[in-house]
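Asks: Sequence isn't available, so here's the structure alone:
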């Protein structure tokens, strides 16, 4: 283990994939979870908005099985008291994973969707 943030661990092999010049080396689940855990941990500091980040499996389970199967993932969190809720999404296209992020901004009362490819047609709820 190289580092730990808010219960998420990251390993050397995860970081190594970011620097190897190979088309298959992309962001993996551990990197996504670790980065979001760091953001969530930082949000506990004074003068930062509160953040809750779901892990990489949340959206897939929600889409496949519905709210009943994932509602316990936030049972100890009062979601309506959080300023920003982050939901990582990995779309699988032809065996390739593509990461996007949904953000629910409770203060502004809006849902934001970030996709580096700008392909809005990937959203199907």
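Replies: Noted; the coordinates are in hand. Only a predicted model underlies this, so the values are computations on that prediction, with no experimental measurement involved.

Asks: Show me what counts as buried in stretch 5-18.
Replies: 5, 6, 8, 10, 14, 17 (16 or more other CB atoms under 10 Å). The way it works is simple: take the backbone N, C-alpha and C, and place the C-beta from them, glycine included.

Asks: Quick one: end-to-end distance for that stretch.
Replies: With CA to CA, to the nearest Å as the measure, stretch 5-18 spans 19 Å from end to end.

Asks: Check stretch 86-105 too.
Replies: End to end - CA to CA - stretch 86-105 spans 9 Å.

Asks: Beta-bridge partners for the residue nearest the centre of the chain, please?
Replies: By CA atoms, centre = their mean, the mean C-alpha position of the chain lies nearest to residue 88, the distance being 2.9 Å. Under DSSP bridges, the beta-bridge partners of residue 88 are residue 101.

Asks: which residues touch it?
Replies: Applying CB atoms under 8 Å, 6 or more residues apart in numbering to residue 88 gives the contacts 32, 33, 36, 53, 54, 55, 56, 58, 59, 99, 100, 101.
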